[in-house]
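Trainee: this one's sequence-less:
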């Protein structure tokens with residue numbers, strides 16, 4: 001019995017050391033679990049309850065927890081975050097860690113790769129785990145509101161979406177030269193984000209990109225029939241959106257499209273509806 005207790009103590013100490021040694025939480029890297037024996041079941045549960053992951057050198061897995069009462073277009077398409085229903089709102093909680101390799105991850109991580117397109121170079125910032133909550137109306141209205149800096153929506157992969165405004169003192173054209181291969185980069189606090197078409201989600205197609213802070217979905221540059229918005233569908237309004245039946249939603253709904261211009265912006269300055277709130 002004494003020997004068994006000693007072995008259990010050693011296992012506890014080893015697992016706790018893993019918890020404290022993990023370089024990043026919800027890193028987007030592969031989740032590794034163990035099922036060695038019944039004695040370890042409780043300890044493994046402890047690890048899972050603390051939302052800890054460990055890296056095995058890849059960046060293709062992440063944690064997804066979606067409320068079963070969410071509409072199918074959200075529940076079945078959004079990953080790498082926790083989404084709940086609270087009153088008349090959907091609450092999106094994300095660590096904002098891209099679930100793929102990037103030149104903006106720490107060079108000591110298993111998620112680093114030098115993936116900058118020709119002519120681009122990194123800004124001085126490094127991706128770090130965030131604690132971002134977006135409270136978004138479940139039934140969006142048409143009252144209109146204005147975007148600001150910071151998270152104005154979230155992509156289907158848990159990465160937050162910014163509008164066309166660059167950091168104070170900078171210009172978007174200058175920032176575009178710092179984008180990685182996915183068209184994203186981090187702020188000075190390590191908040192990775194997209195301003196323009198996110199190539200890991202859509203690249204001149206009709207894919208679902210994410211949801212805006214006013215509750216309306218965002219799609220790629222094209223319609224599902226591969227036409228440009230405004231040809232086989234209503235023209236886009238000044239906010240970059242329009243209303244028609246969309247197969248992904250299953251009904252007629254207002255939605256945004258990534259701008260089909262030289263910059264391919266995700267969000268312009270104004271929302272169609274009243275925006276929700278963000279904390280980070």
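Mentor: Alright, I've got the coordinates. The structure presented is a predicted model; accordingly, all values stated were derived computationally and were not measured.
Trainee: CA atoms for contacts and neighbours, from now on please.
Mentor: Noted.
Trainee: Got the domain ranges for the protein?
Mentor: 2-49, 63-280 (automatic domain parsing).
Trainee: In JSON lines: those domains, plus mean neighbour count and mean pLDDT.
Mentor: Formatted as JSON lines, the domains of the chain follow (neighbours: other Cα atoms under 10 Å; pLDDT from 0 to 100):
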{"stretch": "domain 2-49", "mean neighbour count": "14", "mean pLDDT": "38"}
{"stretch": "domain 63-280", "mean neighbour count": "19", "mean pLDDT": "96"}
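Trainee: Next up, the contacts around the nearest residue to residue 204 once chain neighbours are set aside.
Mentor: Nearest residue to residue 204, sequence neighbours excluded (Cα to Cα, 6 or more residues apart in numbering): residue 221, at 5.4 Å. Residues in contact with residue 221 (Cα atoms under 8 Å, 6 or more residues apart in numbering) are 203-206, 228-229, 257-260, 264.
Trainee: Those in strands, which ones?
Mentor: residue 257 (DSSP state E).
Trainee: any idea where the strands of the stretch 101-250 of the chain begin and end?
Mentor: Secondary structure of the stretch 101-250 of the chain (DSSP state E, counting those that start in this stretch): strands at 132-137, 145-146, 153-155, 160-161, 184-186, 192-194, 208-212, 217-219, 241-246.
Trainee: And the second one, what does it pack against?
Mentor: Pointing back at strand 145-146 there. Helices and strands touching strand 145-146, by 3 or more Cα pairs under 8 Å, 6 or more residues apart in numbering; DSSP states H and E, are strand 270-271.
Trainee: what does the strand it packs on contact?
Mentor: With Cα under 8 Å, 6+ apart as the test, strand 270-271 has contacts from 144-147, 214, 239.
Trainee: redo that, cut-off 10 Å
Mentor: The set of residues external to strand 270-271 that reach it, using Cα atoms under 10 Å, 6 or more residues apart in numbering, is 142-148, 152, 163, 212-216, 238-241, 256.
Trainee: mind checking how far that strand is from the chain centre?
Mentor: From the chain centre to the centre of strand 270-271 is a distance of 20 Å (Cα atoms, centre = their mean, to the nearest Å).
Trainee: In this structure residue 81 contacts residue 130, no?
Mentor: No - using Cα atoms under 10 Å, residue 81 makes no contact with residue 130, being 11.5 Å away.
Trainee: For these two, list the residues in contact with both.
Mentor: Joint contacts of residue 81 and residue 130 (Cα under 10 Å, 6+ apart) are 26, 93-97.
Trainee: which ones are touching residue 195?
Mentor: Counted by Cα under 10 Å, 6+ apart, residue 195 has contacts 160-166, 172, 175-176, 179, 183-185, 263-268.
Trainee: ok, what's across the strand from the closest residue to residue 236 other than its chain neighbours?
Mentor: Residue nearest to residue 236 in three dimensions, not counting chain neighbours: residue 242, with 5.1 Å by Cα to Cα, 6+ apart. Beta bridges link residue 242 to residue 255, judged by DSSP bridges.
Trainee: chain center to stretch 103-120: distance?
Mentor: The answer for stretch 103-120 is 18 Å, by Cα atoms, centre = their mean.
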